[in-house]
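S.K.: I need the structure of the sequence given here:
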Amino acid sequence: MTDVQARPETVCRHETTSGAVPTRRAVLTGAGALGATCLLAACGTDTRGSTGNNEPEYSNDPIPAGSSGPAGDASGKPESDGGGGGVVLAAKADVPEGGGVIKGKYVITQPESGTYKAFSKVCTHQGCDVSKVDAGVIICTCHNSEFSILDGSPQNGPANRALPEQKVKVDGDNIVAA
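M.R.: Residues are numbered from 1 along each chain as shown. The predicted structure is shown next:
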């Protein structure tokens, strides 16, 4: 009878030119991470909206049904209404003729002397906030959409829907939600 003995030099060894051999654990961990990434990407927000024109229906702060409308400053708190019943959106003195200001959730404009308008500051293209009012237009610098200070209608850029209007009135020295 012959004894068979394993010799140490016959132990399986992997030799590579790079010096690094991925272990099974590393391969499985990488595959798991890739799968988790794909799953998270699939859970993203659909930005196509329901209008059929691939434009989203955004609202950064939806208004509850039956409420009297949006109110307040940037903090969301209602400001004093000065006794006129509406929420103060801006002081008349703050809104230049032929221009406008961004206050809280709104862009308040004065297209002609004594005429004040207010629009949502959320761009109808992809939901960015508009960032400035210049040369008679409201500008969203995210994708360069421009809107009229008179009626919020799109004037230039990828947006093709008007900014939603908030009815306003003058109450003393203030512009208030109507």
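S.K.: what about the chain, any weak spots by pLDDT?
M.R.: Under the criterion pLDDT under 70, the flagged ranges of the chain are 1-20, 36-85.
S.K.: what about 80?
M.R.: The model of the chain has pLDDT under 80 over residues 1-22, 26-28, 30-85.
S.K.: can you pull out the helices in the protein?
M.R.: Using DSSP state H, the helices of the chain run over 24-42.
S.K.: What is the burial count for residue 137?
M.R.: For residue 137, the neighbour count with other Cβ atoms under 10 Å is 21. (Each C-beta comes from the backbone N, C-alpha and C, glycine too.)
S.K.: and it, what does it touch?
M.R.: Residue 137 is in contact with 146, 147, 148, 149, 155, 156, counting by Cβ atoms under 8 Å, 6 or more residues apart in numbering.
S.K.: quick one: which of these is nearest to residue 178?
M.R.: Residue 178 has its nearest neighbour among the contacts of residue 137 in residue 149, at 18.1 Å by Cβ to Cβ.
S.K.: hang on, isn't that closest one packed against residue 97?
M.R.: No: Residue 149 sits out of contact with residue 97 when judged by Cβ atoms under 8 Å, with a separation of 10.3 Å.
S.K.: of these two, who's got more company?
M.R.: residue 149 (23 against 12).
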